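Chemist: Need a 3D model of the sequence below.
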Amino acid sequence: MTFNDVLEKVRGLAAKADVSNVDFLAVQVNITGKSNGVFYVEVKDHKISVEPYEYNDRNCALTISLADFNKLIDGKLDPVVAFTMGKLKVDGDVGKALEFAKLVK
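Modeler: Got it, this is the predicted structure:
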């Protein structure tokens with residue numbers, strides 16, 4: 001799976017996500033490894049956007065390998081376990097990172 005495949009997968013999940021109770025959330029995802037890349041997920045005014053750019057005014061940034069991120073969004077890797085094992089690094093608000101994990105499940 002490539003970075004673009006994961007980006008499209010996240011866009012598909014975002015289209016189905018219920019963000020009616022989320023006022024604002026901005027998470028940047030840094031994918032590491034051979035198929036590396038950066039994208040962000042933003043919830044603003046109860047609408048969700050997924051774009052392949054850096055987000056400077058974010059709540060948090062997640063750094064994870066492509067394989068582990070794919071497991072995370074498939075529900076095969078618990079975000080708390082990934083964080084504890086060092087597979088997922090969070091820079092910023094950890095609570096917002098958990099909120100993001102709930103959205104993409």
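Chemist: So what's the residue count around the residue nearest to Lys71 when sequence neighbours are not counted?
Modeler: In this structure, Lys71 finds its nearest non-sequential neighbour in Leu77, 3.8 Å apart by Cβ to Cβ, 6 or more residues apart in numbering. C-beta: built from backbone N, CA, C; applies to glycine. The tally of other residues near Leu77 (other Cβ atoms under 10 Å) stands at 20.
Chemist: And the strands in the protein?
Modeler: Per DSSP state E, the chain carries strands over the ranges 24-32, 37-44, 47-51, 60-65, 88-92.
Chemist: Give the partner strands of the first one in its sheet and their orientations.
Modeler: According to DSSP bridges, strand 24-32 forms sheet pairs with strand 37-44 (antiparallel), strand 60-65 (parallel).
Chemist: ok, the spatially most central residue of the chain to Ser20 distance?
Modeler: For the chain, the residue nearest the mean C-alpha position is Val29 (5.2 Å; Cα atoms, centre = their mean). As defined by Cβ to Cβ, to the nearest Å, Val29 lies at a distance of 23 Å from Ser20.
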